[in-house]
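> Attaching a predicted model along with its sequence, questions to come.
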Amino acid sequence: MDMIKTLGAAGVIPVIVIDDIEKAVPLARALVKGGLPVLEVTFRTACAAEAIGKIKAEVPGAILIAGTVLKLEQLVAAKAAGAEACVAPGFDPAIVDAANKLGIPFCPGVATASELSQALALGCKMVKFFPAESAGGVKYIKDLLGAFRWTGVKFMPTGGVKLSNVGDYLAVPEIICCGGTWIAPKDAIAAGDWAKIESLAADAAKLAKELKSKNA
Ligand code: 3PG
């Protein structure tokens, strides 16, 4: 998968936490129907790999990435389940190196210039900026870009991003997409409120599309 192209085309990536495997497929259907096909299924719960496999098999159009990939066994499980890329909130050179060897695109998280330097040295072309709002938000990324723009690095901020501020991030050309849980809230998943999730996804997809055509 061309991670930058695919994630950039989506603009907004729902960050998903699945507690109940039965919710995985209807949740993914609602998000894809709302217009957000790239889904980050986080390894924060035990059924993450199973959820990736089920969604891939049962939801046409869904593109699966694995999130919160902190351990080698999660990386291996994500790839085996059919994830097309992996992301993490932090930068662990051993995991980035393992992903490079396994041939799966990996986007580590950074929050400092030093972490970004190290990620670039390992060949990463794209990084998460996490936790985006707490770490300095869009201003901080712009300041990093002052020194790093020439490298061509692309950003995916997550952490505190929502409909009200996603536009500020996506207005920066090097920020190709944003991730967040606001599109798949815990209470709506627990209640099986797929109409609400579809509508949240549609709002996010519409905004991302408008901003991208404006910035094109
Ligand atoms: C992530 O891992 O990307 C974050 O947990 C998402 O943060 P949010 O809940 O503030 O959207």
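Arrived safely, thanks for sending. Residues are numbered from 1 along each chain as shown.

> can you give me the helices for the protein?
Secondary structure of the chain (DSSP state H): helices located at 3-10, 24-34, 48-58, 72-81, 93-102, 113-121, 132-135, 137-148, 163-170, 186-191, 194-215.

> tell me which residues of the third one are tucked away?
It stands for helix 48-58. 48-56 (16 or more other C-beta atoms under 10 Å). For the C-beta atoms, the positions are set from N, CA and C on the backbone; glycine is no exception.

> go on, the fifth one?
Using 16+ other C-beta under 10 Å as the burial criterion, the residues of helix 93-102 that qualify are 95-96, 98-99.

> Kindly reformat those residues as CSV containing distance to the ligand and pLDDT.
Listed next are the buried residues of helix 93-102 as CSV, based on distance: C-beta to the nearest ligand atom, whole Å; pLDDT from 0 to 100:
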residue, distance to the ligand, pLDDT
95, 15, 98
96, 17, 98
98, 20, 98
99, 17, 97
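
> ok, which pair from these is furthest apart?
Greatest spacing in the buried residues of helix 93-102, by C-beta to C-beta: 96 and 98 (7.4 Å).

> Next to the ligand, which bits of the chain? Give me the list.
Within the chain, the positions near the ligand by C-beta under 6 Å from any ligand atom are 15, 89, 130, 158-161, 179-182.

> repeat that for 5 Å
By C-beta under 5 Å from any ligand atom, the residues of the chain that approach the ligand are 15, 158-160, 179-181.

> Weed out the non-buried ones from those.
15, 158-159, 179-181.

> could I get the helices of the chain as CSV with distance to residue 154?
Below are those laid out as CSV (distance: least, C-beta to C-beta, whole Å):
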stretch, distance to residue 154
helix 3-10, 5
helix 24-34, 22
helix 48-58, 23
helix 72-81, 21
helix 93-102, 16
helix 113-121, 11
helix 132-135, 14
helix 137-148, 10
helix 163-170, 12
helix 186-191, 29
helix 194-215, 14
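
> least reliable of the ones you listed going by mean pLDDT?
Of all those, mean pLDDT reaches its minimum on helix 194-215 (a mean of 92).

> for that one, which positions count as buried?
By 16+ other C-beta under 10 Å, the buried positions in helix 194-215 come out as 194, 196-198, 200-205, 207-208, 211.

> Stretch 163-173 too?
165-166, 168-170.

> wait, which of those is closest to residue 113?
residue 169 (18.7 Å).

> Surely that closest one and residue 162 touch.
No: between residue 169 and residue 162 there is no contact under C-beta atoms under 8 Å: 10.5 Å.

> for the closest residue to residue 157 other than its chain neighbours, what are its contacts?
Leaving aside its sequence neighbours, residue 157 sits nearest to residue 132 (C-beta to C-beta, 6 or more residues apart in numbering; 3.7 Å). Neighbouring residues of residue 132 by C-beta atoms under 8 Å, 6 or more residues apart in numbering: 141, 157-161, 169, 178.

> can these go into JSON lines with extra columns for distance to residue 77?
Shown next, in JSON lines, are these (distance: C-beta to C-beta, whole Å):
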{"residue": "141", "distance to residue 77": "31"}
{"residue": "157", "distance to residue 77": "26"}
{"residue": "158", "distance to residue 77": "21"}
{"residue": "159", "distance to residue 77": "24"}
{"residue": "160", "distance to residue 77": "28"}
{"residue": "161", "distance to residue 77": "27"}
{"residue": "169", "distance to residue 77": "30"}
{"residue": "178", "distance to residue 77": "26"}
